[in-house]
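Engineer: below is the structure, and that's it, no one-letter string:
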């Protein structure tokens, strides 16, 4: 029996019975993650023209290149957004009647924001170059820095999040998370000139608010003080506010929706903060005593 393939098929099929949580049989409205990642990379080519193309992009033909790229993104993203809304919860079904037209309008609004996303990313690249003496060019930052990749994907996903597109923003940011080790929830609000240095292990929660000219090092968590209430906390500000011109060094944890790190503050490495810090404050951990034997 153990070598019988019919037996193996039967026990797997039986495990599907009565399972509505981890199976989607006979349902057409399932998102295509691979296609969404392909769309993401085409959007990045719009955001950084000439950087990620296989061939030289001639300025004489840029109108046609951009048009073709927009057509691909619009056609495929329309379908994926419609699928995302088709799988929306019953409490949002009221606006899911004419889903294809609604998705088309949403995607059009998103694509209108490409210049806005480019404006923010320009400042992020500049902040990375200004803030890292190891960077020898802005091209190096765009090609190589995982922090900029994660932030660029976040800025794309955030615009979709603001348009209330289900699931797709999380798929995009979790893809970036898997590649970079940087976990930025698309619901977070992040201002211009944002620089993540090194980046691995950073967590930025959904209701985090970050001002302009903020610099964060690896291993920083901007998280919730407690999530024991689970879904009851949905929609409540659970994550900290980081004001303008703040630097947060590696290994720091800052928790809580009422926690505000004031303007021009500097938070030293390995700090654990659950209450607000006044503007201009420098926070540091007393050095542990080294023992040699």
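Structural biologist: Structure received. Source: prediction; values computed, not measured.
Engineer: show me what secondary structure element comes after the least confident helix or strand in the chain by mean pLDDT.
Structural biologist: Within the chain, no helix or strand scores below helix 5-16, which has a mean of 90 by mean pLDDT, DSSP states H and E. Using DSSP states H and E, the helix or strand that follows helix 5-16 in sequence is helix 33-47.
Engineer: elements contacting that following helix?
Structural biologist: Packing partners of helix 33-47 (3 or more C-beta pairs under 8 Å, 6 or more residues apart in numbering; DSSP states H and E): helix 62-86, helix 114-131, helix 146-162, helix 168-180. All C-beta spots, glycine's among them, are computed from the backbone N, C-alpha and C.
Engineer: need the contact partners of it.
Structural biologist: Here helix 33-47 makes contact (C-beta atoms under 8 Å, 6 or more residues apart in numbering) with 51-53, 66, 69-70, 72-73, 76-77, 80, 114, 117-118, 121, 152-153, 156, 168, 171-172, 175.
Engineer: tell me the angle it makes with helix 62-86.
Structural biologist: Between helix 33-47 and helix 62-86, the angle comes out at 140 degrees (axes from the mean of the first three to the mean of the last three C-alpha atoms, to 10 degrees).
Engineer: which regions of this protein sit below the pLDDT cut-off?
Structural biologist: 1-2, 28-29, 88-97, 227-230, 232-233 (pLDDT under 70).
Engineer: recalculate using a threshold of 90.
Structural biologist: Counting by pLDDT under 90, the ranges of the chain that qualify are 1-8, 11, 17-30, 53-62, 86-98, 225-236, 286-293.
Engineer: what is the neighbour count of residue 144?
Structural biologist: Using other C-beta atoms under 10 Å, the number of residues around residue 144 comes to 12.
Engineer: tell me the contacts of residue 207?
Structural biologist: Residues near residue 207 by C-beta under 8 Å, 6+ apart: 187-188, 236-239, 257.
Engineer: 7 Å instead, please
Structural biologist: The contact partners of residue 207, by C-beta atoms under 7 Å, 6 or more residues apart in numbering, come to 187, 237-239, 257.
Engineer: just say helix, strand or coil for it.
Structural biologist: coil (DSSP: H, G, I helix; E, B strand; the rest coil).
Engineer: so it versus residue 164, what's the distance?
Structural biologist: For residue 207, the distance to residue 164 (C-beta to C-beta, to the nearest Å) stands at 16 Å.
Engineer: what's the answer for residue 70, then?
Structural biologist: Using C-beta to C-beta, residue 70 is found at 22 Å from residue 164.
Engineer: again, but for residue 241
Structural biologist: Distance from residue 241 to residue 164, by C-beta to C-beta: 23 Å.
Engineer: these two: who's more crowded?
Structural biologist: When residue 241 and residue 164 are compared for neighbours, residue 241 comes out ahead with 22 against 12, by other C-beta under 10 Å.
Engineer: list the beta-bridge partners for the more buried one.
Structural biologist: residue 209, residue 260 (DSSP bridges).
Engineer: assess the claim that it and residue 209 are in contact.
Structural biologist: Yes: between residue 241 and residue 209 there is a contact under C-beta atoms under 7 Å: 4.4 Å.
Engineer: overlap in contacts of the two?
Structural biologist: Residues touching both residue 241 and residue 209 (C-beta under 7 Å, 6+ apart): there are none.
Engineer: and the strands in the stretch 151-293 of the chain, which stretches?
Structural biologist: 183-184, 189-190, 195-196, 203-204, 209-210, 215-216, 221-223, 241-242, 247-248, 253-255, 260-261, 266-267, 272-273, 282-283 (DSSP state E, counting those that start in this stretch).
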